[in-house]
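>>> Sequence first, predicted coordinates after that:
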Amino acid sequence: ADGGGGSALEAAPGRAQVFTTVVDTFLEKLVAAGSYQRFVNCYRCFYKLQPQLTRSIYDQFISQLQASIKEEIQEVKNEGNLEGLFSSLDKIVEEAKDREEPAWRPSGIPEEDVRSTMVPYFLKHRSYLRRVLREKEEENRKVAESVLMGRDRIAELQQLIQARQQAWQ
């Protein structure tokens, strides 16, 4: 069951495809709203004189209107690099699915926004610094022990030297 669900998710259309579908649906509804009957109602006198010509004019008008709208939308998509932005947004959303932390959202109050962003960082940094401090304190304790052992060894050697020196004299 999971494999089928994963395939359905992977097959989900990207934002560019959804945008294209929305534009196509808009054009269909626009043409439906501008039906032939409405066109005839607006040009009733002309329709009574030339019904076939009226139909031909309507068909040509709708065709040119659709082409013009599609061309304009394509121009907007190209100028705004919408295809690239849509795929980039799809990529960001896909990467965000695996994140465990929630996305940051500004509250509109700068102090709270800074606090909510910086406090977790500072807490992590504080625990890191405490860990480093413990490690350095342990390292210093070992070095201090080593120094004390070295001093004891030096004192022993000095006593040995003095004992040999006295024995030699």
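Here it is on my side, so go on.

>>> Quick check on the most centrally placed residue in the chain: phi, psi?
Centre of the chain computed as the mean C-alpha position; nearest residue by Cα atoms, centre = their mean is I92, 3.7 Å away. Main-chain dihedrals, I92, degrees, to the nearest 10: phi -60, psi -40.

>>> Would you point out the helix or strand in the protein whose mean pLDDT is lowest?
helix 2-10 (a mean of 45; mean pLDDT, DSSP states H and E).

>>> Would you indicate which residues of the helix or strand just after that helix are buried?
Later in the chain than helix 2-10, the nearest helix or strand by DSSP states H and E is helix 15-33. Residues of helix 15-33 classed as buried: R15, A16, F19, T20, L27 (neighbour count, 16 or more other Cβ atoms under 10 Å). Just so you know, the C-beta spots here come from the backbone N, C-alpha and C atoms, and that holds for glycine as well.

>>> Could you do stretch 47-61 as well?
Y47, T54, Y58.

>>> want to throw the residues you listed into a markdown table with pLDDT, secondary structure and distance to R153?
As requested, these are exported to a markdown table (pLDDT from 0 to 100; DSSP: H, G, I helix; E, B strand; the rest coil; distance: Cβ to Cβ, whole Å):
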| residue | pLDDT | secondary structure | distance to R153 |
| --- | --- | --- | --- |
| Y47 | 90 | helix | 117 |
| T54 | 91 | helix | 115 |
| Y58 | 92 | helix | 109 |
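
>>> Please identify which of those residues is nearest to S68.
Y58 (15.5 Å; Cβ to Cβ).

>>> Which residue is the nearest non-sequential neighbour of the closest one?
The spatial neighbour of Y58 that comes closest, neighbours along the chain excluded (Cβ to Cβ, 6 or more residues apart in numbering), is F39 at 4.7 Å.

>>> before we move on, what about R55?
Nearest to R55 is Y36, by Cβ to Cβ, 6+ apart, at 7.1 Å.

>>> just for the chain, where's the confidence low?
Applying pLDDT under 70 to the chain flags the ranges 1-12, 102-104.

>>> And the helices in it?
Along the chain, counting by DSSP state H, helices occupy 2-10, 15-33, 36-42, 44-49, 51-79, 82-96, 110-168.

>>> Now do the shortest one: everything it contacts.
Judged by Cβ atoms under 8 Å, 6 or more residues apart in numbering, the contacts made with helix 44-49 from elsewhere in the structure are V40, L53, T54.
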